[in-house]
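Student: what's the 3D shape of this:
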Amino acid sequence: MTDTATARAASRWRTPALTTLAGLLLGSLVAVVGPSVAGVTGATAPSAKAAAVPYYTKDQSDARYLRKPKVLRGGWAFGSAAPGGFGLAGIAWGFSMKKAPTAHFILDGGKLPDGCSGTAAAPNAKPGHLCVFETAASGYADRFICTTGNSCGGKASRFGAYVGATATANGGYAYGSWALGVKGITTGKLAEVTTTPQRLTPGPAR
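Tutor: Alright, predicted model coming up:
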């Protein structure tokens, strides 16, 4: 066989062999790389279970998870004021109620009104009531509870109030405790209210 014939015979079997080898190598490459690529792609795509998880707005989250205490308690006190002036102490419960509570002032040894129970040492209140207990006082009269907008007489604001009394002598003092029966908490914005400064007009003690 001549050299030319030998070369032609070699080329006839070399080409299919190279094609087969290339196919085998390509298949191995796909087999090795394919699962890795699929794994990466699957990790970045959200699963059906993850896509089904609900999302809440802040208001929805507050309504769903915000702590809802039944009764809040605290203390109040004020010192001396000039005769004819006022002793005042603020009360705040740290959130807004949907409706302002009905406020009651209980004198030391006084009768408990409907909505209040307990004592100054262990005050209690039904939902929707603010019960202010007096432990002791001297040099004061005409106890009262007012809204933060200066409306007095058994009233409170949705987020707080202040308690006061009229001074009858120098060196006076008053202190006690309070209990709020929580009824409906809101996290929404409060309407802005503009008030004109005015002299306090105490309401009757309750």
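Student: Tell me who's in contact with G90.
Tutor: Neighbouring residues of G90 by Cβ atoms under 8 Å, 6 or more residues apart in numbering: 76, 160-162. All C-beta atoms are positioned from the backbone trio N, CA, C, and that covers glycine.
Student: now, the most widely separated pair of those residues?
Tutor: Spatially, the most separated pair among the contacts of G90 is W76 and G160, at 11.3 Å (Cβ to Cβ).
Student: Give the residues shared as contacts by those two.
Tutor: 90-91.
Student: out of the two, which sits in the more crowded spot?
Tutor: Using other Cβ atoms under 10 Å, the more surrounded residue of W76 and G160 is W76, with 21 against 18.
Student: Figure out the helix or strand that the more buried one lives in.
Tutor: W76 is part of strand 71-78 when elements are defined by DSSP states H and E.
Student: Please identify the buried residues of that strand?
Tutor: Judged by neighbour count (16 or more other Cβ atoms under 10 Å), strand 71-78 contains these buried residues: 71-73, 76, 78.
Student: Can you tell me the closest non-neighbouring residue to G110?
Tutor: E134 (7.8 Å; Cβ to Cβ, 6 or more residues apart in numbering).
Student: Now do the same for the one you found: helix, strand or coil?
Tutor: Three-state call for E134 (DSSP: H, G, I helix; E, B strand; the rest coil): strand.
Student: ok, it - contacts?
Tutor: Each residue near E134 by Cβ under 8 Å, 6+ apart is listed here: 105-108, 110, 120, 143, 174-176.
Student: Farthest-apart pair in those residues, please.
Tutor: Pairwise over these, using Cβ to Cβ, the maximum falls at G110 and Y175, 15.4 Å.
Student: Looking at those two, which is more packed in?
Tutor: Between G110 and Y175, counting by other Cβ under 10 Å, Y175 is the more crowded of the two (17 against 14).
Student: right, and that one touches W76 too?
Tutor: Yes - applying Cβ atoms under 8 Å, one finds Y175 in contact with W76, separated by 6.7 Å.
Student: can you map out the helices along the chain?
Tutor: In the chain, the segments counted as helices under DSSP state H are 3-44, 48-51, 58-65.
Student: Rounded mean pLDDT for the last one, please.
Tutor: Confidence for helix 58-65, expressed as mean pLDDT, is 65.
Student: lowest confidence element among the helices and strands of this structure?
Tutor: helix 3-44 (a mean of 49; mean pLDDT, DSSP states H and E).
Student: Next, the buried residues of stretch 99-118.
Tutor: Across stretch 99-118, burial judged by 16+ other Cβ under 10 Å covers 100-106, 115-118.
Student: which one of the residues you listed sits closest to A89?
Tutor: Proximity of the buried residues of stretch 99-118 to A89 (Cβ to Cβ) peaks at F105, which lies at 11.9 Å.
Student: Quick check: the gap between the closest one and F159.
Tutor: 19 Å (Cβ to Cβ, to the nearest Å).
Student: now S151
Tutor: For S151, the distance to F159 - Cβ to Cβ - is 14 Å.
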